[in-house]
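Undergrad: No sequence on hand, only this structure:
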């Protein structure tokens, strides 16, 4: 039977979206906000789905644990000042020092992995929020763009204003509470994201386009 | 302090024993981290994921090496 009409599966990227994604974002793998990430896929990604934006918490939010690591790194150099440790023999002291550095490396790697893999993904069809909590639990929230109702963002504090990051809060039609939402405004709270104004703009534009499919 | 005949329990002995137990615990945690990293990489497949896998395996092997040395000494 001849093909009379074939629906186009892939939705073309609009000019507004192209314009929003073109400037200001960082394009590196470790970037906090990567537009159209190269060689990137996520679980349950559909074939006709294009990733528009991949983001994670701003790198500045890691400064706290990095500073703690730097401080903890030099503590073994002053082991001798602690009377309790002074009483230990040299073999035990070496064991304790090794344990200390093992724990530090573990803490650093774990903090880095948590930062690196806790991502939010904006595709042309959906919003995906991947939250890993500790080493043993994860929460993946997915919402269709068409079900987004409100998007707003907040920036609090000196660092957030200086480095331009903040929380993007997205309210969806079917608002649900998931285990990761404790203390968050919504299941879709993208915490401490870089360029929150632009991220909110992209989501608003996508929502607008989803509401007008004829456009 | 001698509770068991022939064994002198000192502060170093207690701390050393606790350090060894903690090292074994970190060894277990490091293998959990290796597993978790591969699961994270499955959920979010980034190009750098392979390097992170090598890094976590490296940490596991390092902690295994250190733990074995400390246990043997």
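TA: Here it is on my side, so go on. Here the structure is a predicted model, which means the values were calculated and not measured.

Undergrad: Can you pull the residues of chain B lying near chain A?
TA: Within chain B, the positions adjacent to chain A are B:11-12, B:15-16, B:19-20, B:22-23, B:26, B:29-30, B:32-33, B:36-37, B:39-48, B:52, B:55-56, B:59, B:62-63, B:66, B:70, B:73 by C-beta under 8 Å from any C-beta of the partner chain. C-beta coordinates here come from the backbone N, C-alpha and C atoms, glycine included.

Undergrad: Would you show me how to pick out the buried ones of these in PyMOL?
TA: The following PyMOL line selects those of the residues of chain B next to chain A that are buried, judged by 16 or more other C-beta atoms under 10 Å in any protein chain shown:
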select buried, chain B and resi 12+15+16+19+20+22+23+26+29+30+33+36+37+40+41+43+44+46+52+55+56+59+63+66+70
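
Undergrad: Keep only those of the residues of chain B next to chain A that are in strands.
TA: In strands, defined here by DSSP state E, the members of these are B:44, B:45.

Undergrad: Can you list which of the residues of chain B next to chain A are found in helices?
TA: Using DSSP state H, the subset of the residues of chain B next to chain A located in helices is B:11-12, B:15-16, B:19-20, B:22-23, B:26, B:29-30, B:32-33, B:36-37, B:39-43, B:52, B:55-56, B:59, B:62-63, B:66, B:70.

Undergrad: Name the SS class of the residue positioned nearest the centre of chain A, please.
TA: Taking C-alpha atoms, centre = their mean, the centroid of chain A lies closest to residue A:56, which sits 2.3 Å from it. Recorded secondary structure, residue A:56: strand (DSSP: H, G, I helix; E, B strand; the rest coil).

Undergrad: do residue A:132 as well
TA: Residue A:132 is classified as strand under three-state DSSP.

Undergrad: low pLDDT regions in chain B?
TA: B:1-4 (pLDDT under 70).

Undergrad: what's the spacing between the nearest residue to residue A:59 once chain neighbours are set aside and residue A:68?
TA: Nearest residue to residue A:59, sequence neighbours excluded (C-beta to C-beta, 6 or more residues apart in numbering or on different chains): residue A:32, at 5.9 Å. Taking C-beta to C-beta, to the nearest Å as the measure, residue A:32 falls 21 Å from residue A:68.

Undergrad: correct me, but residue B:67 touches residue B:21?
TA: No - counting by C-beta atoms under 8 Å, residue B:21 is not a contact partner of residue B:67; they are 10.5 Å apart.

Undergrad: Looking at these two, which is more packed in?
TA: Neighbour count, other C-beta atoms under 10 Å in any protein chain shown: between residue B:67 and residue B:21, residue B:67 has more, with 21 against 10.

Undergrad: elements contacting the strand or helix carrying residue A:17?
TA: Assigned by DSSP states H and E, residue A:17 falls within helix A:15-22. Using 3 or more C-beta pairs under 8 Å, 6 or more residues apart in numbering or on different chains; DSSP states H and E, the elements in contact with helix A:15-22 are strand A:51-56, helix A:196-211.

Undergrad: Swap in 6 Å and give it another go.
TA: Helix A:15-22 is packed against helix A:196-211, with contacts defined by 3 or more C-beta pairs under 6 Å, 6 or more residues apart in numbering or on different chains; DSSP states H and E.

Undergrad: Quick check: phi and psi on residue B:48?
TA: phi -80, psi 0 (degrees, to the nearest 10).

Undergrad: how close does it sit to residue A:53?
TA: 18 Å.

Undergrad: and the closest residue to residue A:21 other than its chain neighbours, bridged to which residues?
TA: Of all residues not flanking residue A:21 in the chain, residue A:35 sits nearest, at 4.2 Å (C-beta to C-beta, 6+ apart). When bridges are called by DSSP bridges, residue A:35 pairs up with residue A:53.

Undergrad: Return the residues in contact with residue 56.
TA: You didn't say which chain, so I picked chain A. A:32, A:119 (C-beta atoms under 6 Å, 6 or more residues apart in numbering or on different chains).

Undergrad: wrong one, I was asking about chain B
TA: Per C-beta under 6 Å, 6+ apart, neighbours of residue B:56: B:33, B:34, B:37.
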